[in-house]
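Asks: Take this sequence and fold it.
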Amino acid sequence: MKYLKQLIVAGLVLAAPNASSAQGRGGPPGGLPGAFGAGPPGLGMGPPGMGVGRIGPPGPIGPPSIPGRPLVPPGLEVRSAVQSLERDLVGRPNDNRTVTAVITRDNLGTMIVRGEILAVSPNDQSLAIARRLNFTVARQDKLDELGITSVTLRAPAGMSETEALTALRQADPDGTYDYAHIYNPTGDSSIQPGPAFPSTATQGAGIRIGMVDGGIGKDHHALKDATISSRTFADGDNGPPTLHGTAIASLLIGKDRGFSGYLPGATLYAADVFGGAADGGSAENIARALNWLASNRIPVTNISLAGPPNALLAAAVKGFVGTGHVLVAPVGNDGPAASPNFPAAYPGVVAVTSVDANKHIQADANRGTAMFAAPGVNVQAAILPQGYANVTGTSYAAPTVTANFALKVSAPSASASKSALSELEQTAMPLSAAAQAVRYLPPPAGM
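Replies: Numbering: from 1, shown residues only. Below is the predicted model of the structure:
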């Protein structure tokens, strides 16, 4: 009861009854995705249309999903109810001063790392041009497995990020430069009452799966016996366990009394690209994570993150899938008319949207680039610190597709990946006569 009261208090402080229309306090609708709290004008915290604003009462309390284990009250936002007041869904700090010190927005309103520009595989001439413009090299990574180099340039004092990017592109038109974009989880929908999908697991022994996300609560009952090899790719070094990362990991490999992920017993290679850092989830962090997974020859990887197109991310994804690795990504929760999200929209990436138990596409799910649809509405997943809840979001649909591919692709191989895709496309069912391009793929054991 004490735990439940704490959840309700957190929900009353942070949850909005209609997340899609809430406003960040102190700012216009939206603001910095993935963070919460007050923000100055133009920097209200939360993704566009998802900032935390009007305070509403918690929804009715449903039955626990597992006897004796706590369940977040339906109607509360899972991120608000169970993540600490200090950190967001993927472990980034919620403190406005900390966030705005390192995060800003580009000319299109997209969240980027303050003062940094990414150069993709620059040659010596390009770096010399950057230095003549008074840029300094902050970091340099040789991503050999992806066949690229990532260089982070620090802009001169007093130069905005837009001015910095324009200056580099004009001075070096043959170079490839972009903002240091930030990517966010796509599992931030509210918990809704209703039945969870049944556990339909197969055994994952001998299978290796990759995951690019936030930190994992390895002490959770569903994961305490799992084999997880993890590494952090953000300045936060050892990031905290996160709600989103824990939920995704549980769907992939979790196992507990009354609960099972899709491939319990599989080995998970988990790349934490947030690390508890305010600027976690950058294109640079993701590129480094993909290089690590490729170096470990992980055949199939789940990345339940989404954001804008980015030159470094595009090059990293191209190198990753071009060497026979399968990358599964959700299309996002921005609505059916929204612009495509990345990396899901890049060529070669397996894009996934979310459906409910009746195979109806999630109301706020993106549509355009989806290849497969999978259960992602009221799906049972692990929450922090313990327990389970029914969660909704395209993030939670991706693990179903990841598991299906992992059963068919045992090692990175372009031919094996192509064969698996063809086989799954043939066995999956079109959602409707009008939506032939999107095919429903059930959990592996349900096929």
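
Asks: what stretches of the stretch 1-150 of the chain score poorly on pLDDT?
Replies: For the stretch 1-150 of the chain, the stretches flagged by pLDDT under 70 are 1-85.

Asks: err, the stretch 151-300 of the chain, not the other one
Replies: Within the stretch 151-300 of the chain, the stretches with pLDDT under 70 are 188-202, 236-237.

Asks: can you map out the strands along it?
Replies: Counting by DSSP state E, counting those that start in this stretch, one finds strands in the stretch 151-300 of the chain at the ranges 177-181, 184-185, 208-213, 227-232, 255-256, 259-260, 267-272, 300-303.

Asks: which residues sit against stretch 160-176?
Replies: Under the contact criterion CB atoms under 8 Å, 6 or more residues apart in numbering, stretch 160-176 has outside partners 104, 106-107, 112, 114-117, 119-122, 125-126, 129-130, 132-133, 135, 153, 155-156, 159, 177-179, 311, 315. Quick note: C-beta positions are derived from backbone N, CA and C, even for glycine.

Asks: How far away from the center of its chain is that stretch?
Replies: In terms of CA atoms, centre = their mean, to the nearest Å, the centre of stretch 160-176 is found 29 Å from the chain centre.

Asks: pull the CA atoms of that stretch into CSV?
Replies: Output in CSV follows, covering the C-alpha atoms of stretch 160-176 (Å, rounded to 0.1, in the frame of the first residue of the first chain):
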residue,chain,number,x,y,z
SER,A,160,24.9,29.5,-32.5
GLU,A,161,24.6,25.9,-33.7
THR,A,162,22.7,27.0,-36.8
GLU,A,163,25.5,29.5,-37.6
ALA,A,164,28.1,26.8,-36.9
LEU,A,165,26.6,24.2,-39.2
THR,A,166,26.0,26.8,-42.0
ALA,A,167,29.6,28.0,-41.7
LEU,A,168,31.0,24.5,-42.0
ARG,A,169,28.8,23.5,-44.9
GLN,A,170,29.6,26.7,-46.9
ALA,A,171,33.4,26.5,-46.2
ASP,A,172,33.5,22.7,-46.9
PRO,A,173,30.7,21.7,-49.3
ASP,A,174,32.3,18.3,-49.9
GLY,A,175,32.2,17.5,-46.2
THR,A,176,29.3,15.9,-44.3
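
Asks: Show me what counts as buried in that stretch.
Replies: 161, 164-165, 167-168, 172, 175-176 (16 or more other CB atoms under 10 Å).

Asks: Would you mind giving those residues as a markdown table with distance to T427 added?
Replies: Shown next, in a markdown table, are those (distance: CB to CB, whole Å):
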| residue | distance to T427 |
| --- | --- |
| E161 | 46 |
| A164 | 49 |
| L165 | 45 |
| A167 | 52 |
| L168 | 48 |
| D172 | 48 |
| G175 | 45 |
| T176 | 39 |
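
Asks: rewinding a little: the contacts of stretch 160-176 in helices, which ones?
Replies: 125-126, 129-130, 132, 311, 315 (DSSP state H).

Asks: and which of those is nearest to V328?
Replies: Checking those against V328 with CB to CB, the nearest one is A315 at 19.2 Å.

Asks: you'd agree that closest one is up against I148?
Replies: Yes: taking contacts as CB atoms under 8 Å, A315 lies within contact range of I148: 4.9 Å.

Asks: Give the intersection of the neighbour lists for these two.
Replies: In terms of CB under 8 Å, 6+ apart, A315 and I148 are both contacted by the residues 120-121, 287.

Asks: hmm, back to that, can I get the ones in helices among the contacts of stretch 160-176 in JSON lines including neighbour count and distance to V328?
Replies: Shown next, in JSON lines, are these (neighbours: other CB atoms under 10 Å; distance: CB to CB, whole Å):
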{"residue": "Q125", "neighbour count": "11", "distance to V328": "38"}
{"residue": "S126", "neighbour count": "21", "distance to V328": "33"}
{"residue": "I129", "neighbour count": "18", "distance to V328": "38"}
{"residue": "A130", "neighbour count": "26", "distance to V328": "35"}
{"residue": "R132", "neighbour count": "9", "distance to V328": "43"}
{"residue": "A311", "neighbour count": "18", "distance to V328": "22"}
{"residue": "A315", "neighbour count": "23", "distance to V328": "19"}
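
Asks: which pair in those spans the largest distance?
Replies: The widest separation within those (CB to CB) is 24.5 Å, between R132 and A315.

Asks: Can you check which of the strands of the stretch 151-300 of the chain gets nearest to L327?
Replies: Of all the strands of the stretch 151-300 of the chain, strand 300-303 comes closest under CB to CB, at 5.4 Å.

Asks: residue with max distance from the center of this protein?
Replies: R132 (37.1 Å; CA atoms, centre = their mean).

Asks: Quick one: residues contacting it.
Replies: With contact taken as CB under 8 Å, 6+ apart, R132 is in contact with A171.

Asks: Give me the distance between it and D124.
Replies: Per CB to CB, to the nearest Å, R132 is found 13 Å from D124.

Asks: likewise I216?
Replies: Applying CB to CB to I216 and D124 gives a distance of 40 Å.

Asks: When these two are compared, which one has more neighbours?
Replies: Using other CB atoms under 10 Å as the criterion, I216 and D124 rank with I216 on top: 26 against 7.

Asks: ok, now how distant is the nearest residue to A247 once chain neighbours are set aside from A363?
Replies: Of all residues not flanking A247 in the chain, A381 sits nearest, at 4.0 Å (CB to CB, 6 or more residues apart in numbering). Counting by CB to CB, the gap between A381 and A363 amounts to 19 Å.

Asks: So those two - more neighbours on which side?
Replies: Ranked by neighbour count (other CB under 10 Å), A381 and A363 place A381 first, with 27 against 14.

Asks: my read: the more buried one touches V391, true?
Replies: Yes: assessed by CB under 8 Å, A381 is found in contact with V391 at 5.0 Å.

Asks: anything in contact with each of the two?
Replies: Applying CB under 8 Å, 6+ apart, one finds that A381 and V391 are jointly contacted by A247.

Asks: can you tell me which residues contact F320?
Replies: 146, 290, 293-294, 301, 327.

Asks: Residues touching stretch 353-371, excluding its own?
Replies: 20, 189, 194-195, 197, 330-336, 338, 340-341, 344-345, 350-352, 372-378, 392-394, 396-397, 431, 437-440.
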